[in-house]
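Asker: could you work out the structure for the sequence below:
(2 chains, ligands or ions: 1)
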Amino acid sequence: MKQNKILLEHGSGGKISNSMISKMIIPIFDNSILAKLNDGAELNIKGQRLAFSTDSYVADPIFFKGGNIGDLAVNGTINDISMCGAEPLYLSAGLILEEGFLLSDLEKILKTMAKAANKAGVKIVTGDTKVVPRGNADKIFINTSGIGIIPEKVNVSGDNAKVGDKIIISGTIADHGITIISSRKGLEFDSDIKTDSASLNKMVKDMLAISNNVHVLRDPTRGGLGTTLNEIAFQSNVGIRINEEFLPINKQVLGICELLGFDPIYIANEGKLLAFVSCDDADKILKVIRQNEFGKHAAIIGEVVCDNPGKVFLNTTIGGTRIIDMMIGEQVPRIC
Amino acid sequence: MYEQHITKQYRNKDISQKLINKIKNISTKKISLMEVCGTHTMSIFRHGIRSVLPENITLLSGPGCPVCVTSQKDIDIFIKLSTLKNVIITTFGDLIKVLGSSSSLEKEKAKGKDIRIVYSVFDALEIAENNKHKQVVFCSVGFETTTPTIACCILMAQKRKISNFSIHSSNKITPPALLALMKIKKINVNGFILPGHVSVITGANAFKPVFEKYNISCVIAGFEPVDILESILMLVQQNELKTPLFKNAYKRVVDFNGNLKAKKIMNQVFERTHANWRGLGVIHKSGMNLKKEFNEFNALTRFQISVLEKKEPKQCICGEILMGLKTPKDCILYKKKCTPFDPVGPCMVSTEGACAAFYKYNN
Ligand code: SF4
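Answerer: Okay, the predicted model is just below:
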């Protein structure tokens, strides 16, 4: 029985979303810039390299511990641009509002957006607002787009991972996804976990300032670390090996994952980056990341290998090995 | 500096390594061990436990995933209920993808039926309270771990006089399935890794008849890698010495009598009935039906619907996989026509199912 309708899973960021992108969207829009499949598009306009990116944000709930849909939308696009190695400069913001949405909530969200943009040193310079009848949207949807300048010499791209590269994650994984899940109806956990939503442009700038050997940058958002690693393994046609024992993860986050039967490797992050860097520069880059306020828990978690190109393997803590595939569908709490 | 989970005793590398070495040192016989809990299945794959065991030890996933053992007829009933006017269907996430004879809840949802995923049966009850003009039906699946909560919810609905809430129960109990499994002649299982969570409720005693009747090694196991390795070691030892035993290796949470309160509530609301297990067929007194006095909460009685039993998809060998006779790789549809995106059988749907776990961790 073949699928002829959009299912929720098409938006999960996992394998099924990827197949829709590669089988439908890329062939229809058909151009080489899009086909690169990076977080943002790299443009060359009269000799100036620019990064351009867009993202739409829906969140349930829209307010959660440590943030709301507003800073998510600002930080998310800033990060997408940063992951091209660019310095983000300007953002647009498009709002789709449901009739009946509280003005006070809107104001709160807009103020958070302004604060996040200010902190990152980025300006929101254009925007649009639409209102739809009650029931035609869920409270508020936000789209942000942004542009930034790619400095000379920077060559960061998902297809640029090289055998021998070390893989760095800038902090604990799964914080954002677990914050959202644990604030959903029916699963309210009492915990101190909060979203990791943050702009990483300054971190990236510092990294690129001390090394010309940053090969890949990615923020593992939807689909989590596991999905992003698979995308890079595929794009660069290399094998990846990750060591579970080096994966930074907050104890409470892990506890909730265990309780629900979730694999933290597939849970979303909103303020973390993955960097593939040359072995020689790995330690100094790690040091710079750790100096950043959002990179205190950064760690080298694995490396790029020549065997099994396109695949990601995990050395488990007990000394076993398993494959990490892309996320297959949203994770659901276990029944058993 | 930051917290890592590896310090946890039950994931400790050294302890694990010691257990693995011990298993390797003593194991000479070719044996098959079966786990019968979806959480064990996931944990075994996630920690790469198969990859550290010697080749002569095979791990099989038995009928331990509640979604996988739900019969096609029950799925058809859930789907039929979703097509009734003014009905909101509430269900656990995994279930919505399981194919009935001609559709799935997921497909009905995409067609516009009001089907909502809930994390707990109490969410379903709340939806009923907030939608008084509609009927809310909960698709009830699960083993002894889930059933007491559902019983509790029914009692609450009764107390609060909520008249627009009902369930269709496909709930099952585990020990009869293991007894039924052992009756099958072709079965080749040398030991059971028994489900820790279920045993917390039932107590270790509930599984004793399996050992007593069939003289097979049984160990109740926890879910961390060290727990599982320890249990495997015990089962290997018993098999090498030819002295099957019944052991509880999960004493930190399981005792012999279980949770009496949970059992009492479960038995107050549900009664045992024959149940159809996908792949295993009808098993005597292995299902949990609402008792007559709770008929008002029984969706089948409330809506007076019935569905015909239809043949399960021919090429799907879920049943034989659940019995440990075959592995997903023996199925001609595996990874071809049957993938987690377009699952044919239930074992490919549930994340706790053997085919889905194979697909995810073993390709
Ligand atoms: S691969 Fe699919 S069709 Fe084959 S046994 Fe598993 S669930 Fe059934």
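
Asker: so where's the chain uncertain?
Answerer: In the absence of a named chain, chain A is used. Applying pLDDT under 70 to chain A flags the ranges A:1-3, A:13, A:185-190, A:335-336.

Asker: try chain B instead
Answerer: For chain B, the stretches with pLDDT under 70 are B:1-9, B:363.

Asker: show me what from it comes close to the ligand.
Answerer: B:316-318, B:321, B:328, B:331, B:333-334, B:338, B:344-345, B:347-348, B:355 (C-beta under 6 Å from any ligand atom). The C-beta positions use only the backbone N, C-alpha and C, and glycine is treated the same way.

Asker: which one of the residues you listed is nearest to residue A:74?
Answerer: If you rank those by distance to residue A:74 using C-beta to C-beta, residue B:348 comes first, at 39.8 Å.

Asker: need the phi and psi values for the closest one.
Answerer: Per-residue torsions, residue B:348: phi -90, psi -10 (degrees, to the nearest 10).

Asker: residue A:291 too?
Answerer: Main-chain dihedrals, residue A:291, degrees, to the nearest 10: phi -80, psi -20.

Asker: show me the contacts for it.
Answerer: residue A:206 (C-beta atoms under 8 Å, 6 or more residues apart in numbering or on different chains).

Asker: near chain A, which of the residues of chain B next to the ligand show up?
Answerer: Among the residues of chain B next to the ligand, no residue lies close to chain A (C-beta under 8 Å from any C-beta of the partner chain).

Asker: most neighbours among those residues, which one?
Answerer: Most neighbours among the residues of chain B next to the ligand, by other C-beta atoms under 10 Å in any protein chain shown: residue B:347, with 33 neighbours.

Asker: residue contacts, that one?
Answerer: Going by C-beta under 8 Å, 6+ apart, residue B:347 touches B:65, B:68, B:318, B:321, B:322, B:328, B:353, B:354, B:355, B:356.

Asker: next, give phi and psi for the fourth one.
Answerer: Backbone geometry at residue B:321, expressed as degrees, to the nearest 10, gives phi -70, psi -40.

Asker: that older thread, of the contacts of residue B:347, which is the nearest to residue A:265?
Answerer: Using C-beta to C-beta, residue B:356 comes nearest to residue A:265 of those, at 16.0 Å.

Asker: secondary structure element holding that closest one?
Answerer: Per DSSP states H and E, residue B:356 falls inside helix B:354-362.

Asker: and if you look at residue A:310?
Answerer: Assigned by DSSP H and E, residue A:310 falls within no helix or strand.

Asker: verify the contact between it and residue A:234 for me.
Answerer: Yes - counting by C-beta atoms under 8 Å, residue A:234 is a contact partner of residue A:310 at 5.3 Å.

Asker: of those two, who's got more company?
Answerer: Legend: neighbour count by other C-beta under 10 Å for residue A:310 and residue A:234, higher for residue A:234 (19 against 13).

Asker: show me what the helix or strand harbouring the more buried one is packed up against.
Answerer: Using DSSP H and E, residue A:234 maps to helix A:224-236. The contact analysis (3 or more C-beta pairs under 8 Å, 6 or more residues apart in numbering or on different chains; DSSP states H and E) places helix A:224-236 against strand A:214-218, strand A:239-243, strand A:274-277, strand A:312-315, strand A:321-324.

Asker: buried residues, the first one. List them.
Answerer: Of all the residues in strand A:214-218, those buried under the rule 16 or more other C-beta atoms under 10 Å in any protein chain shown are A:214, A:215, A:216, A:217, A:218.

Asker: now the residues you listed as TSV including distance to residue B:59?
Answerer: Below are those laid out as TSV (distance: C-beta to C-beta, whole Å):
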residue	distance to residue B:59
A:214	42
A:215	39
A:216	36
A:217	39
A:218	35
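
Asker: tell me the contacts of the residue of the stretch 151-300 of chain A found nearest the ligand?
Answerer: Nearest residue of the stretch 151-300 of chain A to the ligand, counting by C-beta to the nearest ligand atom: residue A:261, 19.5 Å away. Neighbour list for residue A:261: A:331, A:333, A:334, B:39, B:42, B:351, B:352 [criterion: C-beta under 8 Å, 6+ apart].

Asker: residue 306: neighbouring residues, count only.
Answerer: You didn't say which chain, so I picked chain A. Around residue A:306 there are 9 other residues, counting by other C-beta under 10 Å.

Asker: oops, chain B please
Answerer: For residue B:306, using other C-beta under 10 Å, the count is 9.

Asker: nearest spatial neighbour of it, skipping sequence neighbours?
Answerer: Of all residues not flanking residue B:306 in the chain, residue B:300 sits nearest, at 7.6 Å (C-beta to C-beta, 6 or more residues apart in numbering or on different chains).

Asker: contacts for whichever helix or strand that neighbour is part of, please.
Answerer: Residue B:300 belongs to helix B:299-303 when assigned by DSSP H and E. With C-beta under 8 Å, 6+ apart as the test, helix B:299-303 has contacts from B:77, B:81, B:84, B:87, B:135, B:137, B:166-168, B:295-296, B:305-306.

Asker: the strand or helix carrying residue A:70 relative to strand A:214-218, how many degrees between them?
Answerer: Under the criterion of DSSP H and E, residue A:70 resides in helix A:69-82. Interaxial angle of helix A:69-82 relative to strand A:214-218 (axes from the mean of the first three to the mean of the last three C-alpha atoms, to 10 degrees): 160 degrees.

Asker: quick one, domains of chain B?
Answerer: B:2-66+B:175-248, B:67-173+B:258-303, B:320-360 (automatic domain parsing).

Asker: identify, out of those domains, the most deeply packed stretch.
Answerer: Highest mean neighbour count of those: domain B:320-360, a mean of 22 (counted as mean count of other C-beta atoms under 10 Å in any protein chain shown).

Asker: distance between it and the chain's centre?
Answerer: 15 Å (C-alpha atoms, centre = their mean, to the nearest Å).

Asker: now do the end-to-end distance for that domain.
Answerer: 20 Å (C-alpha to C-alpha, to the nearest Å).

Asker: give the burial count for residue A:98, as a bare number.
Answerer: If you count neighbours by other C-beta under 10 Å, residue A:98 ends up with 16.

Asker: wait, it touches residue A:130, no?
Answerer: No - using C-beta under 8 Å, residue A:98 makes no contact with residue A:130, being 10.4 Å away.

Asker: strands paired with the lengthiest strand in chain B, and their directions?
Answerer: As assigned by DSSP state E, the longest strand anywhere in chain B is strand B:281-290. Here strand B:281-290 is paired, per DSSP bridges, with strand B:171-172 (antiparallel), strand B:270-277 (antiparallel).

Asker: next SSE after the helix or strand hosting residue B:178?
Answerer: Using DSSP H and E, residue B:178 sits within helix B:174-183. Toward the C-terminus, helix B:174-183 is succeeded by strand B:191-195 as the next helix or strand (DSSP H and E).

Asker: what packs against the helix or strand containing residue B:158?
Answerer: Residue B:158 is part of helix B:147-159 when elements are defined by DSSP H and E. Secondary-structure packing of helix B:147-159 (3+ C-beta pairs under 8 Å, 6+ apart): helix B:121-130, strand B:165-169, helix B:260-269.

Asker: could you redo these as TSV and give each row distance to chain A?
Answerer: Shown next, in TSV, are the helices and strands packed on helix B:147-159 (distance: least, C-beta to the nearest C-beta, whole Å):
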stretch	distance to chain A
helix B:121-130	4
strand B:165-169	14
helix B:260-269	16
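
Asker: now those as a markdown table including distance to residue A:40?
Answerer: Listed next are those as a markdown table, based on distance: least, C-beta to C-beta, whole Å:
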| stretch | distance to residue A:40 |
| --- | --- |
| helix B:121-130 | 39 |
| strand B:165-169 | 48 |
| helix B:260-269 | 53 |
